[in-house]
Each structure stands twice: as structure tokens, then as C-alpha cells.
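**Q** Next comes the sequence, and after it the predicted model I'd like to discuss.
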Amino acid sequence: MTPFLQQLTQKLGADCVLTQSADLAPALTEWRGLYQGEAIALVMPRSTADVVSVVQLCAEYNVPITPQSGRTGLVGGGVPQGGIVLSLKSLNAIRSVDAANFTLIAEAGCLLQHVQEAADQAGLLFPLSLASEGSCCIGGNLATNAGGSQVLRYGTMRDLTLGLEVVLADGAVWHGLKGLRKDNMGYDLKSLMIGSEGTLGIITAAVLKLFPKPKTSATACVACATPHDALNLFQLLRDEMGDALSAFEYWPLFGMELVLKHKAAQDPFAQPHPFYALMELTSPDPQALLKERLTAFLDTALEQGLIKDAVIASSERQAAALWALREHLSEAQSLEGASIKHDVAVPVSQVADFIVETTQLCEAALHGIRVCAFGHMGDGNVHFNLSQPPHMQRADFLAEWARFNRIVHDQVMKRQGSIAAEHGIGLLKREELMRYEDPAKMTMMLAIKKAFDPQNLLNPGKIFVKS
Ligand SMILES: Cc1cc2nc3c(=O)[nH]c(=O)nc-3n(C[C@H](O)[C@H](O)[C@H](O)COP(=O)(O)OP(=O)(O)OC[C@H]3O[C@@H](n4cnc5c(N)ncnc54)[C@H](O)[C@@H]3O)c2cc1C
């Protein structure tokens with residue numbers, strides 16, 4: 001055992017420093033098998049003080065640190081490139097709930113679902129909602145600035161966070177757990193840390209915003225002829241319902257076919273349609289009559305030909321079944337073979353144009369390619385995913401990834417969009433970031449990285465091709 005590992009073991013205890021390959025193996029792979037990493041140990045601190053000890057020792061011995069929380073990331077950000085893996089999963093306490101301040105303090109290793117449950121027990125809502133919420137953790141949600149299905153109403157993780165506790169590269173602790181709505185004491189380092197993917201500091205805890213719990217809700221799934229009809233519907237619904245509209249999701253017929261085929265789901269419609277949208281309205285007012293208002297709105301949309309059919313959930317069970325159609329899309333697509341994925345955003349007003357034009361370009365570029373462009377229409381986020389042609393070999397299709405990046409990302413940038421909407425850069429998009437990001441911004445980002453992490457020990461190799 002090296003002196004570094006000996007000291008680490010002395011400080012944390014042998015059960016918190018795992019070096020056997022069987023223990024290390026799961027921490028080295030990305031869950032979809034896209035990346036394989038390497039590390040000398042999986043280190044599992046139990047407290048912020050433990051994290052400080054680990055980081056100080058790593059600084060002394062020049063050992064890189066790759067933080068991990070729930071390991072559900074989609075861009076290879078948690079895959080180690082040497083050094084140690086620092087798992088935050090044992091820091092999993094809800095430290096406090098301040099219902100009167102509409103906040104709670106959660107440690108980085110808390111499952112998102114547990115935070116939602118803690119808010120619920122306090123009679124409040126923590127609105128971040130991802131299909132991975134049973135596995136992903138608050139630390140990872142913060143480090144990736146996670147989005148999900150309620151961004152339209154509540155914003156991303158950055159908007160949902162008031163304060164942070166962070167261990168910096170030299171082991172100093174930034175005690176920033178303030179639950180303030182107004183705080184202009186200097187630079188907004190919280191926003192900088194959120195979305196930094198473990199490259200600027202190790203997040204150990206956060207003050208999260210809570211909201212009044214919805215007392216009424218209405219959920220509907222509609223069928224449309226085109227993405228433009230779905231976008232028009234969204235705009236009319238938002239105009240009419242304002243903030244009561246908390247989610248507006250969409251997917252194409254191919255996506256519906258995949259979910260019906262691979263997830264044994266029930267088609268809520270009597271016949272197939274080219275495009276689907278799912279919407280949810282919520283209100284803290286128990287008298288809000290949301291179902292009645294949504295029914296009247298969709299009746300008019302049907303009369304006007306904006307939608308072809310609609311199903312309004314009559315129970316929570318039915319609402320959950322409609323949501324499952326959307327939430328199973330990613331998994332159903334992976335069961336259909338290889339996918340080339342793009343998590344991108346364009347202005348909401350351009351989502352439909354983007355989907356139609358980019359679909360045409362992709363279909364023209366490779367015979368038999370199957371486009372599944374789905375996501376969060378209400379915030380402009382498109383998961384522009386491509387399934388392999390049925391008769392093509394998996395490896396041959398995946399070898400086309402760079403060519404399709406060019407097609408899809410050029411279309412995104414033409415619309416002043418983002419090539420990394422909610423999943424981050426990690427290993428997957430480093431080269432694309434270099435290609436498309438403003439050079440002045442890259443220079444500022446590199447300067448920030450050097451200021452926060454002069455030894456380049458915090459998640460090296462991520463975001464930047466070279467830092
Ligand atoms: C089925 C499925 C659905 C998903 N849906 C969505 C979605 O709708 N919206 C969305 O935004 N994402 C989604 N994701 C992606 C993923 O769940 C999110 O990126 C999530 O925020 C990652 O959290 P995690 O705890 O798993 O982080 P990890 O995968 O462990 O880590 C992610 C990144 O954060 C860094 N990191 C982790 N913990 C810390 C820490 N404490 N301090 C500093 N850096 C840290 C890691 O180094 C890595 O770079 C989905 C994933 C799956 C599998």
C-alpha cells in the first residue's frame with residue numbers, strides 16, 4: 001500500500017477506503033457502458049470533516065479526485081481518469097427543515113426522492129423531478145444543474161438552491177448554507193459552483209427551496225398532427241393558465257411505439273398519431289377546478305383542429321400511467337438498440353422548426369435512421385436521439401456519432417441554442433464545447449478553473465479537453 005493510501009486509511013478507517021478491484025469495479029464504469037475509467041481507490045467519507053481530510057491529503061500527494069453521487073449522469077462526468085473516486089453517498093442526512101422559511105438543508109448524498117419525501121412530510125414541495133429520482137443524489141443534481149420536467153414552472157437546480165457548503169481544492173470549507181432570497185454580498189459563487197460538474201469544488205450540502213404543495217392537479221395527454229400544433233397548443237395553454245402549467249412534455253410516434261413495445265405500456269389512444277404531448281396543471285388552491293378548465297381548453301383545441309384526440313386523467317393512477325409513457329422513453333429506446341443522443345436546447349419559439357428541419361437532415365444523411373426527438377417543450381429542451389437503422393450493426397452506427405453531432409449541433413447553434421441543455425459536458429461533449437463555445441467564455445472558464453483548482457486535481461479531464 002502506498003503512503004497516500006496508508007494515511008487515507010488511517011484517517012477514514014479501512015471500511016471507507018476500498019482498493020480491491022471487485023469493490024472498485026462499479027465505480028469505474030459508466031452505467032450504459034459507454035466509458036471505462038481507472039482509479040486506485042473508492043473513498044467513502046461520512047462527514048464534511050472526512051471530505052476535508054481526503055481533499056487535503058490528495059492536495060499533498062497530488063492525487064486527482066473524481067466525485068460521484070448517484071452515478072446516473074449521462075455524459076461520463078463521474079468516470080475517473082486516475083486518482084481516487086470520492087463517493088458522497090454516505091453524506092445522506094437531511095440536516096434540517098425550516099418550513100417557515102420554505103427551505104431544507106440536505107447533504108450531497110441524499111437521494112432526490114428522499115428530499116422530495118422530506119419536503120412532503122413538512123407539507124411542502126421540492127419540485128425537481130427526474131425519471132432517475134430514485135437513484136440520483138442532490139450532490140449530482142447540483143453538480144450537473146439538473147433540469148427535468150418541472151423547469152417550466154420552477155426552474156433548474158440552480159434556481160432551486162439558496163446556499164451551498166463546499167470543500168475547496170485546498171481543503172478549505174466554504175460555509176455558504178444561507179437560506180436567503182436576497183444576498184448580494186459579492187460574487188454569486190453559488191451559481192458558479194452549480195453546474196461545474198465537480199471541477200471547482202466538492203459540494204457537501206445545500207439549502208434547497210421549497211414551495212407550497214399542490215392541492216389540485218390535472219394531467220392530460222393529447223395527440224397532434226405536427227410538432228408545430230403541439231407548440232401552438234403549449235403557447236395557448238401557458239397564456240391561459242399561467243404558472244398553473246407546471247409541465248409540458250412531448251414525443252413522436254416512434255417514441256410511443258418503443259414504449260408500447262418494450263415497456264408493456266397501454267396506448268391511451270384508439271389509433272396512432274404523429275406526435276404526442278403531455279401536460280400537467282397544479283395549484284395550491286383546493287378549489288382551483290383545474291380539470292374542468294383543462295377539459296374546456298382541450299375541447300376548444302379539438303374543435304379548432306389543433307389536436308386530434310385527448311385523454312384527461314380521471315385518477316392519480318391514470319395520471320401516473322400517462323407520465324410513465326414519457327418517463328420510459330429513454331429506457332425503451334435503449335432496448336431498441338444503439339442510440340446517438342443529443343441533449344440540446346433552443347428558444348421555445350423554435351422547438352418545432354428545429355425538430356422538423358433536423359429530422360429531415362438526419363433522415364437524408366442515413367437511410368433507415370429513426371429519429372426520436374422528445375423532451376421538455378415548455379423549456380425548449382429537446383432530447384434529439386437517433387436509433388440505429390434496423391439492419392445496421394451497432395458499432396457501425398455508433399461510429400457515425402461525430403457526423404450526426406455536426407448535423408444536430410449546427411442546427412442548434414444556428415438558433416442560438418445550447419448543445420448541453422441539462423446533462424452537462426463531462427467527457428462526452430468536451431470537444432463539442434471547444435468547437436461551439438464563445439472563445440472569450442472558454443478563456444474565462446479556464447481562468448476560473450485555474451483559480452479554484454491550481455493543481456488540476458478536481459475531476460480532471462472533464463468539461464475541458466485540456467485544463
Ligand atoms: C433514466 C434517467 C433519466 C434522467 N432524466 C434526467 C432529466 O430529466 N433531467 C436531468 O437533468 N438529468 C436527467 N438524468 C441524468 C442524471 O440523473 C442527472 O444528471 C443527475 O443530476 C445526476 O445525479 P447523480 O447523483 O447521479 O450524479 P453522478 O452521476 O454521480 O455525477 C454527475 C456529475 O456530478 C459530479 N458530482 C457528483 N456529486 C458531486 C458532488 N457532491 N460535488 C461535486 N461534484 C459532484 C460528478 O463528478 C459528475 O461530473 C437522467 C438519468 C437517467 C438515468
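**A** Perfect, thanks for sending it.
**Q** Which stretches in the stretch 51-200 of the chain count as strands?
**A** 65-68, 84-87, 94-98, 103-107, 124-125, 161-167, 173-176 (DSSP state E, counting those that start in this stretch).
**Q** mind listing what's buried in the helix or strand harbouring Ile448?
**A** Ile448 belongs to helix 439-452 when assigned by DSSP states H and E. Residues Met445, Lys449, Phe452 are the ones in helix 439-452 that count as buried (16 or more other C-beta atoms under 10 Å). Any C-beta I mention is one placed from the backbone N, CA and C, and that applies to glycine too.
**Q** so which of the strands of the stretch 51-200 of the chain comes closest to Ser339?
**A** The minimum distance between Ser339 and these falls on strand 65-68, with 23.7 Å, by C-beta to C-beta.
**Q** Could you tell me how many residues sit around Asn184?
**A** 7 (other C-beta atoms under 10 Å).
**Q** Model confidence for it, exactly?
**A** Looking at Asn184, its pLDDT is 96.
**Q** For the buried residues of helix 439-452, could you give me a markdown table that also reports distance to the ligand and pLDDT?
**A** Putting the buried residues of helix 439-452 into a markdown table (distance: C-beta to the nearest ligand atom, whole Å; pLDDT from 0 to 100) gives the following:
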| residue | distance to the ligand | pLDDT |
| --- | --- | --- |
| Met445 | 15 | 98 |
| Lys449 | 14 | 98 |
| Phe452 | 12 | 98 |
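**Q** which parts of the stretch 201-350 of the chain sit against the ligand?
**A** Counting by C-beta under 6 Å from any ligand atom, the stretch 201-350 of the chain comes close to the ligand at Ile202, Ile203, Ser330.
**Q** hang on, the second one is in a helix, isn't it?
**A** So that's Ile203. No - under DSSP: H, G, I helix; E, B strand; the rest coil, Ile203 sits outside any helix and is assigned strand.
**Q** list the contacts for it?
**A** The neighbours of Ile203, taking C-beta atoms under 8 Å, 6 or more residues apart in numbering as the test, are Pro67, Leu88, Ala108, Gly139, Leu142, Ala143, Leu164, Glu165, Val166, Met193.
**Q** helices and strands of this structure: which one bottoms out on pLDDT?
**A** helix 329-335 (a mean of 92; mean pLDDT, DSSP states H and E).
**Q** Output that helix as CSV, restricted to C-alpha atoms.
**A** What follows is helix 329-335, C-alpha atoms only, in CSV (Å, rounded to 0.1, in the frame of the first residue of the first chain):
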residue,chain,number,x,y,z
LEU,A,329,-38.9,6.7,-23.4
SER,A,330,-35.1,6.7,-22.6
GLU,A,331,-35.1,3.1,-21.4
ALA,A,332,-37.4,1.9,-24.2
GLN,A,333,-35.1,3.5,-26.8
SER,A,334,-32.0,1.8,-25.3
LEU,A,335,-33.9,-1.6,-25.6
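**Q** What lies in contact with that helix?
**A** Outside helix 329-335, the residues that touch it by C-beta under 8 Å, 6+ apart are 32, 131, 251, 255, 258-259, 261-263, 339, 372, 374, 383, 385, 387.
**Q** please redo it, this time with the cut-off set to 6 Å
**A** Applying C-beta atoms under 6 Å, 6 or more residues apart in numbering, the external contacts of helix 329-335 come out as Trp251, Gly255, Leu258, Val259, His262, Lys263, Ser339, Cys372, Phe374, Asn385.
**Q** just checking, what packs against the strand or helix carrying His409?
**A** Using DSSP H and E, His409 falls within helix 401-414. Applying 3 or more C-beta pairs under 6 Å, 6 or more residues apart in numbering; DSSP states H and E, we find helix 401-414 packed against helix 351-365.
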